[in-house]
Every structure is written in C-alpha cells, then in structure tokens.
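K.L.:
Build me a model from this:
(one chain, ligands or ions: 2)
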Amino acid sequence: MSDLTFMKIALRLSLKGLGYTEPNPLVGAVVVKGGRILSCGHHRGFGAPHAEAMALERLGVSGTTLYLTLEPCSHTGKTPPCADLIIARRVRRVVVAMIDPNPLVNGSGIARLRAAGIATAVGLCRDQAERINRHYLKYIRTHAPYVAIHAGLSLDGKLSDDAGRSHWVTSEELRRLAHSLRGEFSAIMAGSGTVRADDPLLTLREAGWVGKKLYRVVLDSQNALPRSLRIIRELDDFPLVIFSSRHAADRSPRTRHHYFVDSDGNGLDLGEVLANLGRLGIASVLVEGGGRLIDSFVRQRRFDEVVLFYAPKIVGGSGATRLAEALELRDFRLSELASGFILRGFRPCSPD
Ligand code: AOF
Ligand code: ZN
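P.N.:
Ligands and ions are numbered 1, 2, ... in the order given. As a prediction, the model looks like this:
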C-alpha cells in the first residue's frame, strides 16, 4: 500500500470529528510500519486530545511512518506540542497533507521535526485536506466564520410561496437532510421575515448530532421580533444571537448576545455581523434564508459556498400562488455538463 492510500485513510478519519471540533480543525492521523497500520487517531472535538496524541499515546514501537492531514502543532495550547511527542516516539518519517496556517504553528511544526532528523514530506492530498478544513482555514486567516448559503428551491427558483411560507417547498426527505446539514456548522442564521413567517426553533434534532452545540443567529434590523416567537426562548445547547441596526428605535437587548451594528440600504453590515460571530468563536455559519437575507449575503459578497436543494416542482409566478398548487414533475432526469446541468421532467397529467 502506498503513501496515498494511508493519507486517504487519515483524511477519512479526520471527518469523524465533523461538526464537533470548531473553531479547531479536523485532523486525522495514521501510524504505519512495514505496510501495516499500527494505530490511528482523529480530533474528536474541541478541547479533546489532538489526533497525533490519540495515535501515538500508547504506541511502544519506533521507526514508524506517520500520516497527518495537518501539520503537527509546535505550541503548548490545551495540550503539549505534538511535534515533541512525534520526536519522543522516534517516528522515522512524517507525511503531512498541509501546513497549518495558525500563526502559532505555520511551518514551525515541520521545522521542528526536520531539526530532529525526521524525514518530512508536505503536500500529499493538499487540495482534499484544504477542502475538508475550509471552515477552519477561513476562520484562522480572517477571524470571520465561513459562510454557506443553504436554500430549498423549486425548479423555477422559488424559495417560498406568495405568502412567504418556505417550509414545504422541498420534500420531507430533503428537509431531513437539510436539518442534518446544520450539524456540520457552528451556527445557523435566519432573517426576521422567515422567523416571523415560519416561527422555527432553529435547533438540531436529527439523530447523529448528540451533544452538539449550535448557535442560532437571527438578523432583525428593526429589533421588533415578538417575544412570543419560539426562537426567543433561551436553550442551553442552542444559544441565541441577535443582530439589529444601531439605528433601531428600540435598543433594548432581547437576549444575552444582542449586537447593534451598522446598516444601510443593503441591510445590516454583514462584515460587522461576521466579525462579531468570529469573536464568539464561531468558525462557520449556515445561512438558511429567507430570500432577503440570502440576497444581502450575495450583494455584499460575504458568502463562501452555496448548498441548494431543488425539489422537482414548478411553483409558478405571481398573485395567489400556494405551494399546495405547485406542479410536481415526474420522471425527471438530470444530465451534468461541465458548464451546467440539464433537467427534463414531465407534468403528471400530460398525455403520453
Ligand atoms: C486540534 N486538534 O488534532 C490538531 C490541532 O486549542 P488547542 O490547544 O487544542 O490547539 C488548537 C490548535 O492546534 C489548532 O488551531 C491547530 O493549529 C493545532 N492542531 N488542533 O484541535 C488536532 N492537530
Ligand atoms: Zn497538536
């Protein structure tokens, strides 16, 4: 088996910490000797031992090769430097996917290994490692969270019907997946319009995310959310953060984390919103809508990724359209091209 095989295993392992490590990175470690895996580790969650420690802690064998998805740390944080542990365990060779841009590390982990005479290679599967740690990378470089926009859409691009109800655009299956997607982030965000129309809790109830802490963020420039809304309730694992305009008539905080920021014709200053979330240690945000909020993120160029869930439906235009009247297409087929995709579907009652 090759370096590539073992690095891919380390990358796959790193993903076991998905949703639990932020603002720290996802890291996987695999220890190999004579073509066999002796032990492995991954970073399980914020404050837990580093992947390297988990893999090497109880290893009595020297002369191994260690595969790491991120450069080992060289600083004393919550745990002693992993580079020192690697040296102490007399590892012979270290293969690292990417340098850790954390200013406390940034090449010094590799330098320390090399100074101790350990052969070190950097860059195997770098693209994949960077993709996996995209939240961490944005956060460590800019102190602002990574922003993904998520929306459930009909084929004609409708987020909701004319009454503003967004809840039933996509199917039950897609809604479950959308819910679970929340677990991959440190915070979810909604605009005041959506919060009023849908009265959501914005929590995470899906199995598989036990003990997960998730910030709920609401942008309400007027600071006029009715206190009766379900979201206003404080919940231990789901702290509520509200942002309103500095110019709001009512400046009284509705929650412990209520920030008043700049605003103009484009809505609240999202740069300031994200900087404040960064200061709370939030490394990623899933923006769930509605349309106006998503539009602000697009216009202010403050997003990093979009995740769009399409339902095979046509909602149709104006007036009194209701989601219940949306046309569901059957036998739809998707063709993927380099520059886009083509979808064909049939109206259920169209003659054969
Ligand atoms: C992790 N897990 O497996 C590795 C990390 O807060 P600390 O003391 O745990 O240190 C966090 C920093 O350690 C993190 O930003 C990154 O630079 C480095 N490596 N962190 O949480 C790990 N290997
Ligand atoms: Zn470490």
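
K.L.:
Residues of the protein that sit close to ligand 2?
P.N.:
Residues of the chain lying close to ligand 2 by Cβ under 5 Å from the ion are His50, Cys73, Cys82. Quick note: C-beta positions are derived from backbone N, CA and C, even for glycine.

K.L.:
Please repeat the previous calculation with a cut-off of 8 Å.
P.N.:
For the chain, the contact set with ligand 2 under Cβ under 8 Å from the ion comprises 27, 50-53, 72-73, 77, 79, 81-83, 85, 109.

K.L.:
so which of those residues also contact ligand 1?
P.N.:
Val27, His50, Ala51, Glu52, Cys73, Gly77, Thr79, Cys82 (Cβ under 6 Å from any ligand atom).

K.L.:
Going by distance to Pro253, which of those residues wins?
P.N.:
Proximity of those to Pro253 (Cβ to Cβ) peaks at Gly77, which lies at 33.0 Å.

K.L.:
how many other residues sit next to the residue nearest to that closest one when sequence neighbours are not counted?
P.N.:
Counting by Cβ to Cβ, 6 or more residues apart in numbering, the nearest residue to Gly77 once its immediate chain neighbours are dropped is Leu104, at 7.5 Å. Applying other Cβ atoms under 10 Å, we find 14 residues neighbouring Leu104.

K.L.:
Return the residues in contact with Leu104.
P.N.:
By Cβ atoms under 8 Å, 6 or more residues apart in numbering, the residues touching Leu104 are Cys73, Ser74, His75, Gly77.

K.L.:
hmm, 10 Å instead?
P.N.:
Cys73, Ser74, His75, Thr76, Gly77, Pro81, Ile140 (Cβ atoms under 10 Å, 6 or more residues apart in numbering).

K.L.:
pretty sure the last one belongs to a strand, no?
P.N.:
No. With DSSP: H, G, I helix; E, B strand; the rest coil as the criterion, Ile140 is helix rather than part of a strand.

K.L.:
Looking at the stretch 201-350 of the chain, which residue is nearest ligand 1?
P.N.:
Closest residue of the stretch 201-350 of the chain to ligand 1, Cβ to the nearest ligand atom: Ala283 (10.1 Å).

K.L.:
Now the phi/psi pair for that residue, please.
P.N.:
phi -100, psi -10 (degrees, to the nearest 10).

K.L.:
pretty sure it contacts Glu184?
P.N.:
No. Using Cβ atoms under 10 Å, Ala283 and Glu184 do not qualify as a contacting pair, with a distance of 11.2 Å.

K.L.:
Could you tell me how far Pro348 is located from Thr21?
P.N.:
46 Å (Cβ to Cβ, to the nearest Å).

K.L.:
Can you pick out the residue with more neighbours from these two?
P.N.:
For Pro348 versus Thr21, the count of surrounding residues by other Cβ under 10 Å is larger for Thr21: 25 against 10.

K.L.:
Read off the pLDDT value for the closest residue to that one other than its chain neighbours.
P.N.:
Leaving out its chain neighbours, the residue that sits closest to Thr21 by Cβ to Cβ, 6+ apart is His43, at 5.3 Å. For His43, the model assigns a pLDDT of 98.

K.L.:
next one: Thr321
P.N.:
pLDDT recorded at Thr321 is 58.

K.L.:
now Val210
P.N.:
88.

K.L.:
isn't there a strand covering it?
P.N.:
No. Using three-state DSSP, the assignment for Val210 is coil, not a strand.

K.L.:
which residues touch Asn223?
P.N.:
Here Asn223 is in contact with 192, 242-245, 248-254, 258, 260 (Cβ under 10 Å, 6+ apart).

K.L.:
give me that answer again for 6 Å
P.N.:
Contact analysis of Asn223 by Cβ atoms under 6 Å, 6 or more residues apart in numbering lists Ser244, Ala248, Asp250.

K.L.:
What of Leu202?
P.N.:
Ile188, Arg216, Ile231.

K.L.:
redo that, cut-off 8 Å
P.N.:
Ile188, Ala190, Val195, Arg216, Val218, Ile231, Phe238, Glu288.

K.L.:
just the contacts of Leu104: which has the poorest pLDDT?
P.N.:
For the contacts of Leu104, the model is least confident at Gly77; its pLDDT is 87.

K.L.:
Can you name every helix or strand that the one helix or strand Leu293 maps to contacts?
P.N.:
If you go by DSSP states H and E, Leu293 is part of helix 291-299. Judged by 3 or more Cβ pairs under 8 Å, 6 or more residues apart in numbering; DSSP states H and E, the packing partners of helix 291-299 are strand 146-154, strand 187-191, helix 192-198, strand 267-268, strand 284-287.
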